[in-house]
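> Next input, structure requested:
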Amino acid sequence: MKIYVHNQGITLAGKAWEIKAKLKQARASFDLVEDWVNSVHTESVKPIPTRTASATAQKNNGSSSNLRPIV
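Down below sits the predicted model:
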């Protein structure tokens with residue numbers, strides 16, 4: 001089964017029993033199909049979180065600040 005999300009709504013493609021099962025599963029969380037479609041659209045527009053690296057390395061907890069010679 002495939003679910004296509006587009007600007008005008010969603011399209012379910014698959015066998016009849018698969019589509020019925022998916023709608024029955026959605027009925028447990030949503031009262032209307034419209035509510036399900038709206039939640040799909042709001043989930044698909046979430047921004048991707050970005051990660052930023054620090055410019056300098058962070059000191060580990062418990063490491064000493066004394067410099068030791070390289071042997």
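> Give me the buried stretch members for stretch 10-27, please.
Ala26 (16 or more other C-beta atoms under 10 Å). Any C-beta I mention is one placed from the backbone N, CA and C, and that applies to glycine too.
> Mind listing residues that contact that stretch?
1-4, 33, 36-37, 40 (C-beta atoms under 8 Å, 6 or more residues apart in numbering).
> Go again with 10 Å.
Contacts of stretch 10-27 from elsewhere in the structure, counted by C-beta atoms under 10 Å, 6 or more residues apart in numbering, are 1-5, 30, 32-33, 35-37, 39-41.
> Which two among these are spaced furthest apart?
The largest separation in those, counting by C-beta to C-beta, is between Lys2 and Leu32 at 22.1 Å.
> Assumed Ile3 was part of a strand.
Yes: with DSSP: H, G, I helix; E, B strand; the rest coil as the criterion, Ile3 is assigned to a strand.
> I'd like to check which residues are in contact with it.
Ile3 neighbours (C-beta under 10 Å, 6+ apart): 10-14, 19, 22, 40.
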